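*Asks:* sequence and computational prediction follow.
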Amino acid sequence: MGECGTDMQRWPTVKHFTSWLALSPGSKISGGKVLSSRARRTKNRAAALLRLAATTVGRTQTALGAFYRRLASRIGKAKAVTATARKIAVLFYNALRHGMTYQDPGATYYEARYRQLILTNLKRRTEPLILPGPVVGRHLAG
């Protein structure tokens, strides 16, 4: 609050806010080729505090903690800190700008929803592989 104040009118959207914090991915593109998409370095104290909050929330049994742990195992802790800090910044912006209150669903709800998403995607991806009719006598070219 002390770093960005309570007036969120300076940033028209949450994307402007996360860009100001340097928590959104950059886009160095030349000739249609993406050269880099990493987040910029910054001396913004609000961004540093959000990153610190992200590492701390990673050790809690909340939905944000589960999000951090899932990303840390997949893409590494540094990128997971940035992604979680951005998610916290979005919640902060929405709370101040629109008066939204955050109700944490908990880590078990988040993990169950994520597991269901994985199963749905696997079913969708395997549907074209299922062959209609009996497979006896067929030779699959391959």
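*Replies:* Thanks, I have it.

*Asks:* skipping adjacent residues, who's closest to the residue most central in space within the chain in space?
*Replies:* With distances taken as Cα atoms, centre = their mean, the residue of the chain nearest its centroid is Ala83 (5.1 Å). Among residues not flanking Ala83 along the chain, Leu71 sits closest, at 5.5 Å (Cβ to Cβ, 6 or more residues apart in numbering). From N, CA and C alone the C-beta is placed, and that goes for glycine too.

*Asks:* and Thr82, by the same measure?
*Replies:* With sequence-adjacent residues excluded and distances taken as Cβ to Cβ, 6+ apart, Thr82 is closest to Ala39, at 5.4 Å.

*Asks:* so that neighbour sits against Ser27, correct?
*Replies:* No - between Ala39 and Ser27 there is no contact under Cβ atoms under 8 Å: 10.9 Å.

*Asks:* sorry, back to before: host element of the residue nearest to the centre of the chain?
*Replies:* If you go by DSSP states H and E, Ala83 is part of helix 77-98.

*Asks:* which parts of that helix are buried?
*Replies:* Buried residues in helix 77-98, counted by 16 or more other Cβ atoms under 10 Å: 80-89, 92-94, 96-97.

*Asks:* and that helix, how far out from the chain's middle?
*Replies:* Centroid displacement of helix 77-98 relative to its chain, using Cα atoms, centre = their mean, to the nearest Å, is 9 Å.

*Asks:* same deal with stretch 67-84?
*Replies:* Centre-to-centre, stretch 67-84 and its host chain are 9 Å apart (Cα atoms, centre = their mean).

*Asks:* all further residue positions should be reported with the first residue as 141.
*Replies:* Understood, numbering begins at 141; the last thing we discussed is stretch 207-224.

*Asks:* could you list the buried residues of the host helix or strand of Arg210?
*Replies:* Assigned by DSSP H and E, Arg210 belongs to helix 203-215. Buried residues in helix 203-215, defined by neighbour count with 16+ other Cβ under 10 Å: 203-209, 211-212.
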